[in-house]
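Q: Return atomic coordinates for the entry below.
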Amino acid sequence: MKQVWAWSVVVLTMAMGGAAVLGGKSLLESAVVAHTVSESRTVADMADTVGRWASQYGGVHARTVGAGAAIPGSFLTRSVYAGEASDSAVLQGNATGQRAAELEALARLEVYHWKNPALIQREVADVLLAGGNRAQYRLTARTVLNPNNAPTPFEIEALDAIQAQSKTDGAANKALEYWRVDGNRMLYARAVIGQKSCMACHDSADKAPEFLRTNQQFNGGGGFGYKVGEPVGLISVRLPMPGPQAVLSETLPQQAWGWLLLAAGAGVGLLVLGALGVWSALRSGRAG
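A: Here you go, the predicted structure:
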């Protein structure tokens, strides 16, 4: 009878220890995923804020001075202005003068390159990539103006999932998002909702500005048919998954570590006392 009791204690002790280990592992994994999803949302918030900031001004113009100035990356339209009132006449050949006057006028040329909100968001993403930041994001849609922004397999999966979410009741009152863990990476996507300002370029191909139809960079075969208030694309975020220790060190206060260590010590003590009790019972059983 004592042996049955002793082995019962062994089984129960092992079950308790195993459940504690597996439960703790599951909780840690869930904490890591929740922490990384939260980080991904912050990155998406930043990308969305950049777009909203640029939208209130209808985009931003990048200014360069001088005919030899480097072009500031991609742009949609360009406007050139003479630096001074007299420069225009010199550059148009309506005024005679020395070659030096023409060179001086060229050096004062002001050029404004227009970048729309989506282009600004993509350039911020390029800066993050070039800087080696652990968090990366990009903008994409089911069809795109720029073929370099075509969706990846995960992003197509996310577009399908978000489209299904948008058709359910109450979808308008919650963020439309989708994520999954891919190896040691978190892949996260949030819907971009069509705004009135987007329609100037993305309503339909026949209504698109001339500079979009003629610019080879924006002839990706799509990027039209957007609807105000509906999901039209994605902010796609990629983040490396942190280790459990890194997440715990960031989320748990220092005082909590002391209590956790105390709890772990108490658990080990219980296991040791149980083992000693089993050993004692087995020995007394043999002696009897």
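Q: tell me the contacts of the residue nearest to residue 81 when sequence neighbours are not counted?
A: Sequence neighbours aside, residue 110 is the residue nearest to residue 81 in space, at 4.7 Å (criterion: C-beta to C-beta, 6 or more residues apart in numbering). Just so you know, the C-beta spots here come from the backbone N, C-alpha and C atoms, and that holds for glycine as well. Residue 110 sits next to 63, 64, 65, 80, 81, 82, 83 when contact means C-beta atoms under 8 Å, 6 or more residues apart in numbering.
Q: Pairing partners for residue 110 in the sheet, please.
A: Residue 110 forms beta bridges with residue 65, residue 81, as assigned by DSSP bridges.
Q: any idea how far it is from residue 63?
A: The spacing between residue 110 and residue 63, counted by C-beta to C-beta, to the nearest Å, is 6 Å.
Q: and the gap between the residue lying closest to residue 82 once chain neighbours are set aside and residue 69?
A: The shortest distance from residue 82 to any non-neighbouring residue, by C-beta to C-beta, 6+ apart, is to residue 88 (4.1 Å). Distance, residue 88 to residue 69, using C-beta to C-beta: 18 Å.
Q: With residue 184 instead?
A: Looking at residue 184 against residue 69, where the rule is C-beta to C-beta, the gap reads 43 Å.
Q: Looking at these two, which is more packed in?
A: The residue with the greater number of neighbours, taking residue 184 and residue 69 and applying other C-beta atoms under 10 Å, is residue 69; the counts read 13 against 9.
Q: neighbours around residue 47, how many?
A: Here the count is done by other C-beta under 10 Å, and residue 47 has 23 residues near it.
Q: Retrieve the pLDDT associated with it.
A: You'll see residue 47 listed with a pLDDT of 93.
Q: One more: residue 182?
A: Per-residue confidence (pLDDT) for residue 182: 91.
Q: beta partners of it?
A: Here residue 182 sits in beta bridges with residue 185, as judged by DSSP bridges.
Q: From residue 49, how far off is it?
A: Residue 182 is 26 Å from residue 49, by C-beta to C-beta.
Q: Also residue 35?
A: Computed with C-beta to C-beta, the distance linking residue 35 and residue 49 is 21 Å.
Q: who has more neighbours, those two?
A: The neighbour count for residue 35 versus residue 49, taken as other C-beta under 10 Å, is higher for residue 35 (19 against 11).
Q: in the sheet, who's paired with residue 140?
A: residue 234.
Q: Who are the contact partners of it?
A: Contacts for residue 140 (C-beta under 8 Å, 6+ apart) come out as 149, 150, 151, 152, 155, 233, 234, 236.
Q: Might you specify the subset of those located within helices?
A: residue 155 (DSSP state H).
Q: Format the contacts of residue 140 as TSV; extra columns: distance to residue 210 and pLDDT.
A: Listed next are the contacts of residue 140 as TSV, based on distance: C-beta to C-beta, whole Å; pLDDT from 0 to 100:
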residue	distance to residue 210	pLDDT
149	21	86
150	24	89
151	27	93
152	31	94
155	30	96
233	23	90
234	28	93
236	30	95
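Q: As a check, name the ranges of all strands in the chain.
A: 60-65, 77-81, 110-115, 136-140, 177-182, 185-193, 231-240 (DSSP state E).
Q: Send me the fourth one as PDB with only the CA atoms.
A: So the one you mean is strand 136-140. Included here for strand 136-140 are C-alpha records, laid out as PDB according to Å, rounded to 0.1, in the frame of the first residue of the first chain:
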ATOM      1  CA  GLN A 136      10.900  47.300 -41.800                       C
ATOM      2  CA  TYR A 137       7.700  48.200 -43.500                       C
ATOM      3  CA  ARG A 138       6.400  48.700 -47.000                       C
ATOM      4  CA  LEU A 139       3.200  49.800 -48.800                       C
ATOM      5  CA  THR A 140       1.500  47.500 -51.300                       C
END
